[in-house]
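Peer 1: Sequence and computational prediction follow.
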Amino acid sequence: MQKCLPQAKYLAVEVVLPSGQKDHAMLAAFIQLDRATTAQRLAKCKAIENNSIAQIVLLAGVEEELAKRLPGYMVPTQLREIGASFTAQQLAEMRTSSQGPKRQPATEAEQAMQQLWARVLGIEPESIGLDDSFFRLGGDSIAAMKLVGEACRTGLQLSVADIFRHPTLAVLACVQPSQYSNALEVVPAFSLLSPILKDAIFSVAKPFGCALPLPINNVMDIVPASYTQAFYIANGVRAPKEAFNYFHLDLGSTLDVEVLKASCRALLDFSPILRTYFTYFQGKLYQVIPRHQDLPFYTFKVDGPLEEESQAIHMRDLNQASPLGLPTSFMLVQSAAGVNRLIVRLSHAQYDGVCLPVILRTLATIYQQEPVHLTTSFLDYLGYCRDRHLASVHYWRELLAGSHITNITSKLCPKAHKDTALRPVKVERVICTPKLPAGLTMASLVSSAWAVVLSHISEEEDVVYGLVVAGRNSNLPGITEVMGPCVNSVPVRVQPSSDITATELLHSVQNQYVSLGESDSMGLDDIVQHCTDWPAKSEFDSIVKHQNIEEQPEIQFAGQITKLYWFENPYVVPHQLQVLSHPRGNNLTITIYGSTGILTDQCAEKLLTMLCNTITQFSSNLNTPLALCKSLFLACT
């Protein structure tokens with residue numbers, strides 16, 4: 001406190017124990033400033049005009065400085081001005097009124113922003129004050145993206161970067177609109193192909209050979225696959241049993257099967273990505289979208305237990321499906337008791353965690369014969385990204401100059417026998433959700449901690465690793481509703497030198513994410529080719545993924561609430577080292593996920609311990625020097 005307010009004439013700190021609440025101790029600091037400093041600081045502050053004896057004030061810059069030096073739980077939640085004649089009795093009265101109402105919005109812009117926050121965060125509008133931080137109320141990068149979408153629907157223009165730069169409601173409500181266009185430029189068919197490639201495709205009757213059973217006159221569009229799509233399809237071609245993902249929805253006993261079939265057909269007509277084929281031409285992967293696609297809908301009437309029968313159908317399809325066939329398939333399982341279960345098969349090249357609930361809600365809307373509103377298509381999204389290619393090249397070229405991807409798996413790799421089948425290695429730990437200062441996210445904390453672990457193992461103070469991002473930072477209208485895999489893995493470059501503190505590192509990582517902007521859609525292949533001197537076809541050695549999306553979303557279907565459940569694929573073996581974090585209520589689950597070709601179970605446990613200890617160390621004291629964190633690490637190799 002003294003460092004943040006060097007003008008303090010006197011300062012006293014006391015621990016306050018409310019009567020009968022020994023487990024709820026509070027730390028109170030009492031500061032006396034000289035008259036000139038008091039007048040100067042309070043002139044810059046806003047005070048609550050009410051009948052309380054003391055006024056809550058916001059000392060300019062003090063909270064931010066305290067957040068750099070103290071763990072989140074020690075940053076003052078209230079600052080109050082008291083006069084020179086203040087008595088102990090008046091102090092007691094102030095304590096009883098300390099939970100008064102927050103400073104509420106006054107302008108239309110502030111009130112509109114308060115309503116948007118409440119909708120996205122799922123809390124009462126009245127509980128949100130002008131001085132609240134979006135992130136302190138539970139927001140994160142995904143919630144910020146949803147806020148952008150909600151704002152767009154009401155005519156407000158925001159970007160994710162705006163929210164990160166101005167997290168308090170009062171300031172965000174005054175932000176000038178980002179560059180934004182409500183007019184969506186529809187991408188003409190075949191316009192994402194070069195003229196030479198287009199001529200090569202249409203000069204022959206069957207450009208894709210027998211691999212694609214589509215006559216050319218039934219092709220609506222052909223589009224180059226994104227890096228993410230190519231990654232998932234190539235993985236499926238290499239390991240066909242890993243090509244598709246399966247989930248199911250229980251739809252009760254009153255389901256109208258014919259209406260469901262018609263709804264699935266209408267969903268395919270509505271969403272081009274769901275009727276898309278993936279095929280190779282001249283060594284590159286393309287999306288081929290037919291004008292019309294026969295409905296892949298199959299019905300199974302079963303007598304055995306629904307769980308066992310569903311699993312058998314899933315495994316049979318998993319072992320038979322072609323990785324380059326049509327990914328989409330609907331399988332309705334009807335039990336002897338009349339229960340209906342819909343199994344859906346998709347490739348991850350068709351969806352991501354953001355749009356999957358959108359797809360399911362659209363199916364439910366069609367089934368309930370309600371109007372479906374047109375949304376921005378994935379093809380329009382790809383065209384938008386192409387138009388911003390040069391700006392993305394500039395961003396990544398500047399960020400990655402002189403860097404290289406950090407490799408630690410070569411040090412961790414066990415000596416596996418060539419004839420030994422690889423198996424997954426997965427260890428996880430549940431810790432209490434760390435407390436962070438306003439403006440910093442849990443994703444930045446985990447990412448920063450992993451950077452320190454990488455730095456220690458690699459013995460380098462300039463590290464590069466992959467980060468999974470939503471890929472929806474663009475100002476494209478309707479970006480939150482786009483049906484398609486906008487998700488992307490982008491490089492993060494961090495310099496966790498031993499002479500900086502945790503707070504400096506976290507702000508550096510957070511600022512890098514904010515500056516990413518619309519460059520979050522550029523694929524790693526393009527980044528490697530146009531922005532670095534890295535070897536061709538470079539891949540990330542490790543990837544960080546903060547899973548802040550509901551994995552089992554609920555939807556209302558045919559008058560009842562149902563939840564999505566995933567089938568587990570026993571054949572999946574990861575080929576990269578993955579660091580996963582998943583917030584669950586008041587806990588944070590940290591997972592190290594790899595394979596026996598990358599690391600042993602024992603090494604995974606050591607990595608997990610190092611990572612969790614770093615997260616805990618950072619959140620308990622942001623002034624921790626990184627040299628201290630590294631000195632506490634266990635040997636991992």
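Peer 2: Right, received. Where do you want to start? Predicted model only: the values in this text are computed from it and were never measured.

Peer 1: Find me the pLDDT at Arg103, would you?
Peer 2: Looking at Arg103, its pLDDT reads 86.

Peer 1: Contact partners for Leu318?
Peer 2: Listed by CB atoms under 8 Å, 6 or more residues apart in numbering, the contact set of Leu318 reads 241, 244, 246, 569, 571. Every C-beta, even on glycine, is put in place using the N, C-alpha and C of the backbone.

Peer 1: ok, 10 Å please
Peer 2: 240-246, 345, 567, 569-571 (CB atoms under 10 Å, 6 or more residues apart in numbering).

Peer 1: again with Cys486
Peer 2: So Cys486 contacts 226, 228, 351-352, 354-355, 378, 381-382, 385, 469-474, 476, 479-480, 520-521 (CB under 10 Å, 6+ apart).

Peer 1: go with 8 Å
Peer 2: Each residue near Cys486 by CB under 8 Å, 6+ apart is listed here: 352, 354-355, 378, 381, 470-472, 479, 521.

Peer 1: Weed out the non-buried ones from these.
Peer 2: Buried members of the contacts of Cys486, scored by 16 or more other CB atoms under 10 Å, are 352, 354-355, 378, 381, 470-472, 479, 521.

Peer 1: Out of those, list just those in helices.
Peer 2: 378, 381 (DSSP state H).

Peer 1: Out of the contacts of Cys486, which is nearest to Leu251?
Peer 2: Here the nearest of the contacts of Cys486 to Leu251, counting by CB to CB, is Cys355; it sits at 21.0 Å.

Peer 1: Next up, the contacts around Leu505.
Peer 2: 448, 451-452, 494, 496, 626.

Peer 1: Tabulate the CA atom coordinates of the helix or strand where it lies in PDB.
Peer 2: Assigned by DSSP states H and E, Leu505 belongs to helix 502-516. Backbone C-alpha positions of helix 502-516 (Å, rounded to 0.1, in the frame of the first residue of the first chain) are rendered in PDB as follows:
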ATOM      1  CA  ALA A 502       4.600 -13.200 -12.600                       C
ATOM      2  CA  THR A 503       2.400 -10.100 -13.100                       C
ATOM      3  CA  GLU A 504       4.700  -8.900 -15.900                       C
ATOM      4  CA  LEU A 505       4.500 -12.200 -17.600                       C
ATOM      5  CA  LEU A 506       0.700 -12.500 -17.300                       C
ATOM      6  CA  HIS A 507       0.100  -9.100 -18.700                       C
ATOM      7  CA  SER A 508       2.500  -9.800 -21.600                       C
ATOM      8  CA  VAL A 509       0.600 -13.000 -22.500                       C
ATOM      9  CA  GLN A 510      -2.800 -11.300 -22.100                       C
ATOM     10  CA  ASN A 511      -1.700  -8.300 -24.200                       C
ATOM     11  CA  GLN A 512      -0.500 -10.700 -26.900                       C
ATOM     12  CA  TYR A 513      -3.900 -12.300 -27.000                       C
ATOM     13  CA  VAL A 514      -5.700  -8.900 -27.200                       C
ATOM     14  CA  SER A 515      -3.400  -7.700 -30.000                       C
ATOM     15  CA  LEU A 516      -4.100 -10.900 -32.000                       C
END
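
Peer 1: Mind naming the longest helix for the protein?
Peer 2: The chain, longest helix under DSSP H: helix 601-620.

Peer 1: What average pLDDT does that helix get?
Peer 2: 93.

Peer 1: For that helix, buried residues please.
Peer 2: 603-615, 617-619.

Peer 1: Nearest to Glu504 among those?
Peer 2: Minimum distance to Glu504 across those is 11.3 Å, recorded for Phe618 (CB to CB).
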